[in-house]
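Q: I would like to see how this sequence folds:
(6 chains)
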There are 6 protein chains.
Amino acid sequence: MKISARNILAGRIVALTKGATTAHVRLELPGGSIVTASITNEAVDELGLAVGTEASAVIKASDVMIAVA
Amino acid sequence: MKISARNILAGRIVALTKGATTAHVRLELPGGSIVTASITNEAVDELGLAVGTEASAVIKASDVMIAVA
Amino acid sequence: MKISARNILAGRIVALTKGATTAHVRLELPGGSIVTASITNEAVDELGLAVGTEASAVIKASDVMIAVA
Amino acid sequence: MKISARNILAGRIVALTKGATTAHVRLELPGGSIVTASITNEAVDELGLAVGTEASAVIKASDVMIAVA
Amino acid sequence: MKISARNILAGRIVALTKGATTAHVRLELPGGSIVTASITNEAVDELGLAVGTEASAVIKASDVMIAVA
Amino acid sequence: MKISARNILAGRIVALTKGATTAHVRLELPGGSIVTASITNEAVDELGLAVGTEASAVIKASDVMIAVA
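A: I've put the predicted structure just below:
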């Protein structure tokens, strides 16, 4: 599958916490940046996600803001 | 200003294209990952963004998806 | 690629309009429902989208609202 | 109420799960496609949603991505 | 139509700019706060929006971030 | 920090409910409008949010829809 989302950031899952229906997944990128995703528990199970899994953060360009100091 | 968004990824702007009302900004993270943001032209002007500017990509955790190969 | 997005709706592109940087793509689902996506022109080119292309609309569950009459 | 969202997909609720504060609602479209929405428990109560309710999935065009196989 | 979005902020349109495919609409709330929406030109035409129109800004709770000074 | 988000609405927190991983925060704007945000519990703790805190709702323009009666 190829997707229109402009951001597909490859990394490795370093933390994963499940809530009642929503899970928080932390992905470490090659340079050390950490990306946090809030996804359904169902998706975590279906994709077989766990700490150590190689995965990508997928983000639509219209969901990214820019900030300056 | 401190913000609730879980993702504040520091980098440097490497490309910037303005459209009629919407601009596309590309940010390079320390490890070489590229993040693309689609923001208003107005925001580009107001923040004084240009190629070379040190900036951060700000992304709400609920806007991040996870993909596996 | 398998993605955490809960909604992957298969259909066929029935209309495609490019703007300055943003394109609008209309996808018809099997039952006749029409889904409209606003994506970058760049993504249209990269995925080779055109009227008639078999494609899917991918939508994160947290971006779907529910309305009743 | 008329809304600017380009996607208003009529269907019927076929599943509904409440979490601590967030609920997952599954809507079946006429052609059999299933749309999953993650909304607040509060909205579920206020709109009186239940399995069998005729409802629509409302999605902003800028939240829809396109994927090809 | 009743919608699950937690935020329906009533106001009046005070500015409207159309781009190639995307329009920017500015709404003034009773207390003077200004809300800016980026929607399709098509939606502007369909809803008959113009400066002076009484309208509401509709925002899903999961799209709102909180910031402190 | 200056951010590209077009909407930074100043107000005061009037309600705050934590779920398993997600919290709902209600902010009152000067004119009495209420904005509801769904953010992580983690962000609530990190920003030290509580009822009475002066805070702003930050919303990207592309996440705002317009509705007319």
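Q: Beta-bridge partners for A:Glu28, please?
A: With beta bridges defined as DSSP bridges, A:Glu28 has these partners: A:Arg12, A:Ile34.
Q: check contacts around it.
A: Applying CB atoms under 8 Å, 6 or more residues apart in numbering or on different chains to A:Glu28 gives the contacts A:11-14, A:34. Yep, even glycine has a C-beta here, placed from its N, CA and C like the rest.
Q: Same check on A:His24?
A: Residues touching A:His24, when contacts are defined by CB under 8 Å, 6+ apart, comprise A:15-17, A:36-38, B:61, F:21, F:40, F:42.
Q: switch to 6 Å and redo it
A: When contacts are counted by CB atoms under 6 Å, 6 or more residues apart in numbering or on different chains, A:His24 touches A:17, A:38, F:21.
Q: Near chain B, which residues of chain A? Just list them.
A: By the criterion of CB under 6 Å from any CB of the partner chain, the positions of chain A lying close to chain B are A:6-7, A:9, A:25, A:29-31, A:33, A:35-39, A:47, A:55-59, A:61-68.
Q: From the residues you listed, which land in helices?
A: Residues from these lying in helices, with DSSP state H as the criterion: A:Leu47.
Q: from the residues of chain A next to chain B, which ones fall inside strands?
A: Applying DSSP state E to the residues of chain A next to chain B, the entries found in strands are A:7, A:9, A:25, A:35-39, A:55-59, A:65-68.
Q: Residue nearest the middle of chain A, spatially speaking?
A: For chain A, A:Ala57 is the residue whose C-alpha lies nearest the centre (CA atoms, centre = their mean; 3.8 Å).
Q: Return the residues of chain A in contact with chain D.
A: Where chain A comes near chain D, counting by CB under 6 Å from any CB, the residues are A:1-5, A:20-22, A:60, A:62.
Q: Flag the shaky bits of chain A, pLDDT-wise.
A: In the prediction, chain A carries no residues with pLDDT under 70.
Q: check contacts around the residue of it found nearest chain F.
A: Closest approach between chain A and chain F, counting by CB to the nearest CB: A:Gly19, at 3.2 Å. A:Gly19 sits next to F:20-21 when contact means CB under 6 Å, 6+ apart.
Q: one more time with 7 Å, if that's ok
A: If a contact means CB atoms under 7 Å, 6 or more residues apart in numbering or on different chains, then A:Gly19 has D:19-20, F:19-22 as its contacts.
Q: Filter those residues down to the ones in strands?
A: Within these, membership in strands is found for F:Thr22, as judged by DSSP E.
Q: residues from chain A in reach of chain F?
A: A:17, A:19-20, A:22, A:24, A:38, A:62, A:65-69 (CB under 7 Å from any CB of the partner chain).
Q: what about 10 Å?
A: Counting by CB under 10 Å from any CB of the partner chain, the residues of chain A lying close to chain F are A:17-24, A:36, A:38, A:41, A:60-69.
Q: about what we covered before: could you identify the buried members of the contacts of A:Glu28?
A: Buried members of the contacts of A:Glu28, scored by 16 or more other CB atoms under 10 Å in any protein chain shown, are A:11, A:13.
Q: Going by distance to chain E, which of the contacts of A:Glu28 wins?
A: When the contacts of A:Glu28 are compared for distance to chain E (CB to the nearest CB), A:Ile34 comes out closest, at 17.8 Å.
Q: I'd guessed the closest one sits against A:Arg26; true?
A: Yes. Under the criterion of CB atoms under 10 Å, A:Ile34 makes contact with A:Arg26 at 5.6 Å.
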